[in-house]
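Peer 1: my questions are about this predicted structure, shown below with the sequence.
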Amino acid sequence: MSKQWYAVTFVMAFATYWMVNLLLWYPWSISSNLGITLMLTASPVLWGYVIYKCLKKYRGRSLIRGALWVSFIFISVAVVGDYLFFGIIRNAMSALYEPTTFYGYAFLFSLPYLIAFIFQKKMKQTETIGRSDYLIFGMIALISILALLVIIRFNLTL
């Protein structure tokens, strides 16, 4: 598999992680039930779509191997991102390591396999990796991180 695929998969995972955190920030600050509801409905759709796009760009022989790499990359980004976001930026490590966090990791780990299984026939027609993939997802990541930092720094609420 090409280094370019690993790089674009990492960028897409990184952008999705921060975009999902931005999406959940305000609802969760209003009500944990609202945040959990969004986390269980909107977040899986976003994660699933981006994982689908990553697998569509995979040109290896075994789609299961591609799903394994996507799982590894996405989980790595999520674990490190959670440590940075909750542990360092928000100083909320005690809120991080709840059972639901590990359920989320397990779901994120299994999602690429589920998508590969469901869309197995569609995955045979791969998509090319272009500069726009890096640009679009890089901008999503940058905007999401900057917005979260501004919200946290200035303690913005609804």
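Peer 2: Thanks, I have it. Numbers count the residues shown, from 1 in each chain.
Peer 1: contacting residues around Ile136?
Peer 2: Applying CB atoms under 8 Å, 6 or more residues apart in numbering to Ile136 gives no contacts. Every C-beta, even on glycine, is put in place using the N, C-alpha and C of the backbone.
Peer 1: off-centre distance for the helix or strand where it lies?
Peer 2: Using DSSP states H and E, Ile136 falls within helix 131-153. Taking the mean of its C-alpha atoms, helix 131-153 sits 13 Å from the chain's own mean (CA atoms, centre = their mean, to the nearest Å).
Peer 1: which parts of the lowest-mean-pLDDT helix or strand in the chain are buried?
Peer 2: Using mean pLDDT, DSSP states H and E, helix 93-96 stands out as the lowest-scoring helix or strand of the chain, at a mean of 81. Judged by neighbour count using 16 or more other CB atoms under 10 Å, helix 93-96 contains no buried positions.
Peer 1: chain center to it, what's the gap?
Peer 2: That offset, for helix 93-96, works out to 19 Å (CA atoms, centre = their mean).
Peer 1: who touches that helix?
Peer 2: By CB under 8 Å, 6+ apart, helix 93-96 touches Asp82, Tyr83, Phe86, Gly87.
Peer 1: which ones among those residues lie within helices?
Peer 2: Asp82 (DSSP state H).
Peer 1: any chance of the contacts of helix 93-96 in a markdown table, plus pLDDT, neighbour count and distance to Ala42?
Peer 2: Listed next are the contacts of helix 93-96 as a markdown table, based on pLDDT from 0 to 100; neighbours: other CB atoms under 10 Å; distance: CB to CB, whole Å:
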| residue | pLDDT | neighbour count | distance to Ala42 |
| --- | --- | --- | --- |
| Asp82 | 93 | 18 | 18 |
| Tyr83 | 93 | 13 | 23 |
| Phe86 | 85 | 18 | 20 |
| Gly87 | 86 | 15 | 24 |
